[in-house]
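*Asks:* Here is my input, please return the structure:
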Amino acid sequence: MKRVGFISLVFPLVFLAACSGAQSKTLEQNRALWESQAIRHYRFDLEILCNCPWYDQMPLTIEVQDGEVVSMVAAGNGDISPYMDTFRRHDTFDKLFDTVDSAISGRVYRLEVQYDATYGFPTSIAIEVSRFMTDDATGYRVTEFEALP
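*Replies:* The predicted model follows:
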């Protein structure tokens, strides 16, 4: 009986490690694809999906040049200043890659990521930290990507 109990505990941990290994490899491949593009100036729309007070401000239109945010504008030009600390954590593709990496390292309950086939950046990230918590899911959706001169 003890052996069955041990196996039932070890199998999920091995399964999670295998999943995170595959996710890490996919992340690395897509990050390398993005970096190989050498795009230094770009614009995109970012929607942060959660049960949050800023949802009516989505999507944000973000312009990035040389890794720095040049502008960030909310839908309808709403005031985003109270939420800037949160938005700054996800305002470049490098930071979105880091968000995925942190979720993999943190062994979250559920992580689903889709990447752009041409450029490699994350187009959709869904994170659920714990299966036992409600309202802990967060999502990120990237649309309207444009490489700029």
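*Asks:* got any ranges where this protein has weak pLDDT?
*Replies:* 1-20, 130-136 (pLDDT under 70).
*Asks:* Longest strand in it, please.
*Replies:* Longest strand of the chain, by residue count under DSSP state E: strand 137-147.
*Asks:* helices or strands next to that one in the packing?
*Replies:* Here strand 137-147 touches strand 41-49, helix 93-105, strand 122-128, going by 3 or more CB pairs under 8 Å, 6 or more residues apart in numbering; DSSP states H and E. (Each C-beta comes from the backbone N, C-alpha and C, glycine too.)
*Asks:* Pretty sure residue 85 sits in a strand.
*Replies:* No. Per DSSP: H, G, I helix; E, B strand; the rest coil, residue 85 lies outside any strand segment and is helix.
*Asks:* That one: neighbouring residues, count only.
*Replies:* 7 (other CB atoms under 10 Å).
*Asks:* Report the separation between it and residue 114.
*Replies:* 26 Å (CB to CB, to the nearest Å).
*Asks:* picking that back up, would you list the strands that the longest strand of the chain pairs with, along with their directions?
*Replies:* Strand pairing for strand 137-147, determined by DSSP bridges: strand 41-49 (antiparallel), strand 122-128 (antiparallel).
*Asks:* could I get those as CSV with mean neighbour count and distance to residue 90?
*Replies:* Output for the strands paired with strand 137-147, formatted as CSV (neighbours: other CB atoms under 10 Å; distance: least, CB to CB, whole Å):
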stretch, mean neighbour count, distance to residue 90
strand 41-49, 18, 7
strand 122-128, 19, 9
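*Asks:* I'd like these laid out as TSV, including distance to residue 104.
*Replies:* Below are the strands paired with strand 137-147 laid out as TSV (distance: least, CB to CB, whole Å):
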stretch	distance to residue 104
strand 41-49	19
strand 122-128	10
